[in-house]
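Chemist: Sharing a sequence plus its predicted fold:
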Amino acid sequence: MGIPSVPPVATFDNGHPMDEVLEALYRDGAVRIRNLIPLESINQINAEIKPYMDADYNSGLEVFAKETKTVCGLAGKSPAAVHAILANPTVLAAVRDALTVTTSSWWGDARNECVSPPLLSSFFTVRVGPGSARQGLHRDDQDHHPSHTHGDPRETTKLGCFVATTKVTRENGATEIVPGSHVWDDDRKPRIDECTYGEMEPGDALFVMGNCYHGAGANSTTDQLRGVIVSLFCKGVYRAEENQFLTVTQEQVAKYPYEVQDLLGWKASAPFCGWHDFKHPYDLFRPQTDALNKDLF
């Protein structure tokens, strides 16, 4: 197969300075990071989700080809995926930089700065079988009904991180990406000839801005499966796709690192969204000495 006319997105080794990674992400709408997740973690994740894959579950949704098997709710089914991906410093750095919302407003005579931390929007895995048709090019932030108007590369509500659990090639359905489409308005339609392909080795990660057009490619092979773990994040002032409060028990959440608890919605969004008894929900299980910022401001 010929070389695609559109060059691949920028690729960095794990540990590369984040300011350069983020610069490329905001410039092009997507970046690839090699070896973000160790292979031993990938193997452990695959082992934890195998019973669910063996159940032969297909979502039945039109957005996925019929040859695609899915396992949702990974935050409650794969602790290895939680620790390897959701608690990954690079993932957290990208998510916080792209999706943290900070505003200020007057409350009487005081000027209050309020910070809304990002949320995990959904966490699932897909396994795309031979013969799978390509997915339509789309923007992930369409869930939140945004208007893309003024060409701001950060004008989005979401960020995606796709981690390869198998070798991902153009032939077996690598993600099709339209670099630069994250600054388009809502009228311009993406074309296939504008795509590049997110080819990856197991453990590599592809970050895609929520306003960047992309879609799963067709699996034209006869004997290859393409496995990817999808973690989508959103700004904390928006509703998540997947209901994490039904996906993960409180007992499970209490065992996770604090930064993961926050992503799962157990930290209130300042000033007053997501509280329980006017407190952060994590007060239900964190030691009192660790229950910071008791005032939700």
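Modeler: Nice, thanks for sending it over.
Chemist: what's near enough to touch the most far-flung residue of the chain relative to its centre?
Modeler: Distance from the C-alpha centroid of the chain, by Cα atoms, centre = their mean, peaks at Asp109 (39.4 Å). The contact partners of Asp109, by Cβ atoms under 8 Å, 6 or more residues apart in numbering, come to none. Just so you know, the C-beta spots here come from the backbone N, C-alpha and C atoms, and that holds for glycine as well.
Chemist: For the chain, just list every one of the strands.
Modeler: Using DSSP state E, the strands of the chain run over 11-13, 30-34, 68-71, 101-107, 110-116, 119-128, 158-164, 175-177, 196-198, 205-209, 214-215, 226-234.
Chemist: ok, and what's touching the helix ranked longest in the chain?
Modeler: Determined from DSSP state H, the single longest helix within the chain is helix 39-54. Residues outside helix 39-54 that contact it (Cβ under 8 Å, 6+ apart): 69, 71, 74, 77-81, 83-84, 125, 127, 163, 165, 202-203, 227, 229.
Chemist: how does it look with 10 Å?
Modeler: 37-38, 69-74, 77-85, 88, 124-125, 127, 163-166, 201-204, 225, 227, 229 (Cβ atoms under 10 Å, 6 or more residues apart in numbering).
Chemist: where's Gly265 relative to Thr100, distance?
Modeler: 15 Å (Cβ to Cβ, to the nearest Å).
Chemist: of the two, who's got more company?
Modeler: Using other Cβ atoms under 10 Å, the more surrounded residue of Gly265 and Thr100 is Gly265, with 21 against 13.
Chemist: Surely the more buried one touches Phe233?
Modeler: No - look at Gly265 against Phe233 with Cβ atoms under 10 Å: they stay out of range, at 11.8 Å.
Chemist: Quick one: mean pLDDT over the longest helix of the chain.
Modeler: The average pLDDT for helix 39-54 rounds to 95.
Chemist: could you dump it to CSV, C-alpha only?
Modeler: C-alpha atoms of helix 39-54 as CSV (Å, rounded to 0.1, in the frame of the first residue of the first chain):
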residue,chain,number,x,y,z
LEU,A,39,4.2,-4.1,28.0
GLU,A,40,3.8,-5.9,31.3
SER,A,41,0.9,-3.5,32.1
ILE,A,42,-0.6,-4.1,28.7
ASN,A,43,-0.4,-7.9,29.3
GLN,A,44,-2.1,-7.5,32.7
ILE,A,45,-4.8,-5.4,31.3
ASN,A,46,-5.5,-7.9,28.5
ALA,A,47,-5.7,-10.6,31.1
GLU,A,48,-8.2,-8.7,33.2
ILE,A,49,-10.5,-7.9,30.3
LYS,A,50,-10.3,-11.3,28.7
PRO,A,51,-13.3,-12.8,30.5
TYR,A,52,-15.4,-9.9,29.3
MET,A,53,-14.1,-10.3,25.7
ASP,A,54,-14.7,-14.0,25.9
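Chemist: Tell me which residues of that helix come out buried.
Modeler: Ser41, Ile42, Gln44, Ile45, Asn46, Glu48, Ile49, Tyr52, Met53 (16 or more other Cβ atoms under 10 Å).
Chemist: Same question for stretch 187-204.
Modeler: Pro190, Glu194, Cys195, Thr196, Tyr197, Gly198, Glu199, Met200, Pro202, Gly203, Asp204.
Chemist: What is the nearest of those residues to Ala94?
Modeler: Ala94 lies nearest to Asp204 out of these, by Cβ to Cβ, at 14.6 Å.
Chemist: mind listing what that closest one touches?
Modeler: 11, 14, 32-37, 42, 162-164, 167-168, 198.
Chemist: quick one: pLDDT of it?
Modeler: 98.
Chemist: Gly160 contacts Phe124, doesn't it?
Modeler: No - between Gly160 and Phe124 there is no contact under Cβ under 10 Å: 11.6 Å.
Chemist: Could you name every residue contacting both of the two?
Modeler: Common neighbours of Gly160 and Phe124 (Cβ under 10 Å, 6+ apart) are Val230, Ser231, Leu232.
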